[in-house]
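Undergrad: Can you look at this prediction? I've put the sequence above it.
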Amino acid sequence: MLRHVLLDRDGVINRKLDSGYVTSWQQFEFLPGALEGLRLLKASGYKTLIVSNQAAVGKKLMTEAQLSEITSRFLQQVRKSGGQIHGVYYCLHAPEEDCACRKPRPGLLLKAQREHRFSFAETYLIGDSESDALAAQSVGCPFVQVLNIEANATSPFTHIFEPVFPSLLEAVNFLLASSKSRSEMAELPS
């Protein structure tokens, strides 16, 4: 059976900015361990899907074309490092637009599930924020928090969720160990 993992982008894969929005490729900086974590997911047979709020488009701080350029370059760097992203799902709306796809609402997750046909109960969402955790909870996804305070020092973290790891790589190692434990338990005779 093919396994899937859902990842937030900013704060998990790349550094969050003081301004709040990555609006050009020059501002995009991979976090320590992110590329290795993505490579490890691919090597372990996971389909990796990005589910990310990108309100800078809705707020007119960047265009969809600029976001597409950043995404294209980001995916290219992931491939060069041995990883693979199988789908990217963005909410482009500003928070005040009250859309169904902006996390913590589950619209992005539901769209990814429709297109890739996975079980939420067996698919982790790795994110850095309360909105990620609430979106995961709303569909029954296990949630793992990445909380890299040094790399994202200006981000306000109002809640810490367990389990929590300082990098995507450490979160992926946890996910792989958890998956191995679950599959070993399933193989035990009754």
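TA: Structure received. Residues are numbered from 1 along each chain as shown.
Undergrad: Please export the C-alpha coordinates of the longest strand along the chain as CSV.
TA: Under DSSP state E, the strand in the chain containing the largest number of residues is strand 46-53. Listed next in CSV are the C-alpha coordinates belonging to strand 46-53 (Å, rounded to 0.1, in the frame of the first residue of the first chain):
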residue,chain,number,x,y,z
TYR,A,46,6.1,8.0,0.8
LYS,A,47,4.2,10.3,-1.5
THR,A,48,4.7,13.8,-0.1
LEU,A,49,2.0,16.4,-0.5
ILE,A,50,2.3,20.1,0.4
VAL,A,51,-0.8,21.8,2.0
SER,A,52,0.0,25.4,2.7
ASN,A,53,-1.8,28.7,3.2
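Undergrad: Listing partners with orientation, what would you give for that strand?
TA: Partners of strand 46-53 in the sheet, by DSSP bridges, are strand 3-7 (parallel), strand 87-91 (parallel).
Undergrad: which of these is buried the deepest?
TA: Looking across those with neighbours counted as mean count of other C-beta atoms under 10 Å, the highest average goes to strand 3-7: a mean of 24. Any C-beta I mention is one placed from the backbone N, CA and C, and that applies to glycine too.
Undergrad: chain center to it: distance?
TA: Averaging C-alpha positions (C-alpha atoms, centre = their mean, to the nearest Å) puts strand 3-7 8 Å from its chain's average.
Undergrad: mean confidence score for it?
TA: In this model, strand 3-7 has an average pLDDT of 97.
Undergrad: tally of neighbours for A55?
TA: Counted with other C-beta atoms under 10 Å, the neighbours of A55 add up to 18.
Undergrad: rewinding a little: what about the strands paired with strand 46-53, which gets the closest to R39?
TA: Smallest distance to R39 across these (C-beta to C-beta): 13.2 Å, for strand 3-7.
Undergrad: so what secondary structure elements neighbour whichever helix or strand comes after the closest one?
TA: As assigned by DSSP states H and E, the chain's next helix or strand after strand 3-7 is helix 34-43. If contacts are counted by 3 or more C-beta pairs under 8 Å, 6 or more residues apart in numbering; DSSP states H and E, helix 34-43 sits against strand 46-53, helix 64-80, helix 168-187.
Undergrad: which of the ones you listed is buried the deepest?
TA: With neighbours defined as mean count of other C-beta under 10 Å, the helices and strands packed on helix 34-43 peak in mean count at strand 46-53, which reaches a mean of 23.
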